[in-house]
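[1] any chance you can model this:
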Amino acid sequence: LHPMTEHPMPGPGARPGPAPRPMPGGRPTPQWWRDAAGAFTWLTMLVVVALWVRNGGIQELATVGGGLMSLGRLLGLVASQLLLVQVLLMARIPFVERSYGQDELARRHRLVGFWSFNLMVAHLLLTWFGYAVQTRQGLWGTIVDLVANYPGILLAVAAVVALTMVTVTSIKVSRSALRYESWHLLHLYAYLGVGLAVPHQLWSGQDFVGNRPATVFWWTLYAAALGSVLVWRVGVPIARTLRHRLLVAEVRPEGRDATTVVVTGRDLDRLPAAAGQFFQWRFLDAPGASRAHPYSLSAAPDGRSLRITAAHLGDGSSALAQLTPGARVMIEGPYGRLHGGVRTRRKVLLIGAGIGITPMRALLEELPQAPGDVTLVYRAHAQDDVLFADELLALAGQRGARIFTVLGGRATSRESWLPGSAAHLSDTDALRHLVPDLADHDVYICGGPRWMDLVREAALAGGVPPFEPVPFEPAPFEPVVTRVDALTVLEVEVW
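    Below you'll find the predicted structure:
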């Protein structure tokens, strides 16, 4: 195949390089962690419904006005519970993040968010109409009465405005029109919306006033959400930054449009990171230090340094080239399930496109392997776009791996992960040509969203067994990982 070049592995007598030290971040994740997280969501919803029933919710359905208000109250309670689940999903709780991975958490966060918003709107309408039927003040008179005479209602209106803004900007069309920095800032208003909704629930909610079990339950749920955010999104990153005292040690260009940054610090052997994972990075002595940017490790962590490589695809990644040695660094993470801990088989296929080669290079370095166990397929536009060429060949020689480079512009005759010069092959046949025993491999994929879809479909058609056939939807602006049993997918920032 003209566009597919194999860089052969050493002969049968070659020995793989020494296996890197085991990293805590690559340990297998117990299945019961995932089950426990899912059970928590459904259990708290069941408690919400039970408290509504205990407080006379079903009896109030006997009249029109009471029924509307009772249903509105139930939907409002469920909307609040889902809103707090949203916060918990993205609070970076370690066992939740390790159980689901960032892509699935982001997908569930988005799905739960839209359901929460729709239920909140239904709550407002049903409560409004129910009050209007009971008080006979008319629709507009009811609004005035609620705002003027019920504590917390005005704050609840402000919460609705904040959450509406977040929801609208989360729609794909709106999201794609925003810069990352603008979208991220607007998304923070979700926390404001949650905070503004609390007084309304606790001061005037029928299921709270004088109801000790409900009050204890809701205060506990709010405290858990707030505590999780403060601990895992604020406290742990600050503590790790102070402990490890990370500094930029080296900045160098990588290829035509990428930059590699090497960071050193104290006790990095105690940092639970594994090849394939990513961190949220803030370079404190550079412009834009208030915004975190997600970059995957491009080398296996060795206990002395961390290395990232990013293409110049946005303001944040382009600014990496301007960093100077000695710049202070703050990190959040490590995150992601693209690591050896999700490996289920002896043989592994790593396939990456463009800057998606970065975690694949790190995995090639770290994964325990015998000669022939690991195959790397690298999709690039042209030879000049290939990153880490010398490093990859050296690693292949040390570890006994095979490397294929698949070069050329994208196919125009059909959607394909292949270049146009190989479009006469089906996507699955091409994978099987490169890896005849494809079905016996764990497959790790990294690249642009649609390209990953196509590789994923080809791998599944080639016999890689699916574990969770639910189609995934990438989250914006940050790397995310999904696991489909032997098939693992990572999405990097594409902006």
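
[2] hmm, Gly130 is touching Leu75, no?
    No: Gly130 is beyond contact range of Leu75, at 11.6 Å (criterion: C-beta atoms under 8 Å). Quick note: C-beta positions are derived from backbone N, CA and C, even for glycine.

[3] any low-confidence regions in the stretch 101-250 of the chain?
    Counting by pLDDT under 70, the stretch 101-250 of the chain contains low-confidence residues at 152, 173-184, 199, 201-210.

[4] tell me where it has helices.
    102-135, 138-149, 153-170, 172-176, 180-187, 189-204, 212-228, 236-244 (DSSP state H, counting those that start in this stretch).

[5] residue nearest the middle of this protein, spatially speaking?
    Computing the C-alpha centroid of the chain and ranking residues by C-alpha atoms, centre = their mean puts Gln102 first, at 2.5 Å.

[6] quick one: that one and Arg233, what's the gap?
    14 Å (C-beta to C-beta, to the nearest Å).

[7] what's the answer for Ile153, then?
    From Ile153 over to Arg233 the distance is 30 Å, taken as C-beta to C-beta.

[8] swap in Gln31?
    Distance from Gln31 to Arg233, by C-beta to C-beta: 26 Å.

[9] with Glu60 instead?
    Counting by C-beta to C-beta - Glu60 and Arg233 are separated by 40 Å.

[10] can you check Ala382 too?
    For Ala382, the distance to Arg233 - C-beta to C-beta - is 40 Å.

[11] Val262 now?
    As judged by C-beta to C-beta, Val262 and Arg233 stand 26 Å apart.

[12] same question for Ser318.
    In terms of C-beta to C-beta, Ser318 sits 26 Å off from Arg233.

[13] next, count neighbours for Leu139.
    The number of residues packed near Leu139 is 10, by other C-beta atoms under 10 Å.

[14] residue contacts, the residue lying closest to it once chain neighbours are set aside?
    The spatially closest residue to Leu139, leaving aside those adjacent along the chain, is Ala132, at 5.2 Å (C-beta to C-beta, 6 or more residues apart in numbering). Going by C-beta atoms under 8 Å, 6 or more residues apart in numbering, Ala132 touches Gly138, Leu139, Gly141, Thr142.

[15] give the contact list for the third one.
    In this case it means Gly141. Gly141 touches Ala132, Thr135, counting by C-beta under 8 Å, 6+ apart.

[16] which stretches of this structure form strands?
    Using DSSP state E, the strands of the chain run over 4-7, 247-254, 258-264, 278-283, 293-296, 305-311, 329-335, 347-353, 374-380, 402-407, 441-447, 480-484, 487-491.

[17] Gln59 is in contact with Gly67, correct?
    No: applying C-beta under 8 Å as the test, Gly67 and Gln59 come out as separate, 10.1 Å apart.

[18] which of those two has more neighbours?
    Gly67 (17 against 11).

[19] kindly state the pLDDT recorded for the more buried one?
    If you check Gly67, the pLDDT there is 89.

[20] next: the one 5 residues further on.
    pLDDT for Gly72: 88.

[21] burial count for Ala327?
    Ala327, neighbours per other C-beta under 10 Å, totals 19.

[22] whoops, Ala459 was the one
    Neighbour number of Ala459 under other C-beta under 10 Å is 28.

[23] hang on, it packs against Leu438?
    Yes: look at Ala459 against Leu438 with C-beta under 8 Å: they come within range, at 6.9 Å.

[24] circling back: so can I have a markdown table of the helices of the stretch 101-250 of the chain showing distance to Val48?
    As requested, the helices of the stretch 101-250 of the chain are exported to a markdown table (distance: least, C-beta to C-beta, whole Å):
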| stretch | distance to Val48 |
| --- | --- |
| helix 102-135 | 11 |
| helix 138-149 | 23 |
| helix 153-170 | 18 |
| helix 172-176 | 30 |
| helix 180-187 | 25 |
| helix 189-204 | 12 |
| helix 212-228 | 8 |
| helix 236-244 | 29 |
